[in-house]
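A.B. asks: Everything below, folded, please.
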Amino acid sequence: MVSIRKANDKDVPDLSRRFHRFLGDKGSQLYRENIAKFGIPDEYVERAFEKLLKDVSSGEATLYLAVKRKEIIGVAQTVEQDFHTTELDRPLVFPEHAGKGTGTKLLKRAVADQKKRGAKMILVKAGARASTSSIILSSPSN
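C.D. replies: A predicted model of the protein is given here:
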């Protein structure tokens with residue numbers, strides 16, 4: 001069974017280990033489809049990941065974790081842009097767990113939390129080119 005929860009400081013070492021394994025396995029599907037395919041330098045990815053962990057620790061971002069039997073199998077990050085707008089940045093489910101509804105669970109939890117917070121719009125960055133789409137949570141009042 002997969003559970004979705006917010007990451008905390010205790011998750012940082014596990015996330016860091018998982019990330020370094022990911023960067024070290026240049027032949028993995030995850031690496032090929034998300035890093036090598038676009039020619040993204042490993043140093044850039046490492047800096048971005050370290051910033052993510054720092055932002056989670058400082059409270060500037062929320063990282064949702066999909067966990068199965070104590071293993072992190074997916075992540076999604078939200079960053080508040082302003083009171084009414086949140087960015088949902090590159091949700092990811094590790095390939096061996098893809099296609100089983102985990103990504104949907106991550107997105108539903110993030111959207112539900114943002115609705116509770118009062119957000120009106122979520123900007124979603126996902127996909128091969130990290131294009132941005134919007135999810136409108138409520139209609140603006142006239």
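
A.B. asks: Mind checking what secondary structure the one residue sitting closest to the centre of the chain has?
C.D. replies: Nearest to the geometric centre of the chain sits Ala76, at 2.1 Å (C-alpha atoms, centre = their mean). What DSSP: H, G, I helix; E, B strand; the rest coil gives for Ala76 is strand.

A.B. asks: which stretches of this protein have low pLDDT?
C.D. replies: Applying pLDDT under 70 to the chain picks out residues 126-142.

A.B. asks: Which stretches in it count as strands?
C.D. replies: Applying DSSP state E to the chain gives strands spanning 2-6, 62-68, 71-82, 85-93, 121-126, 131-136.

A.B. asks: residues near Ala98, how many?
C.D. replies: Residues within reach of Ala98, counting by other C-beta atoms under 10 Å, total 15. No exception for glycine: its C-beta is placed from N, CA and C like everyone else's.

A.B. asks: quick revisit: and the gap between the residue nearest to the centre of the chain and Gly24?
C.D. replies: 23 Å (C-beta to C-beta, to the nearest Å).

A.B. asks: list the contacts for Glu60?
C.D. replies: Glu60 makes contacts with Val79, as judged by C-beta atoms under 8 Å, 6 or more residues apart in numbering.
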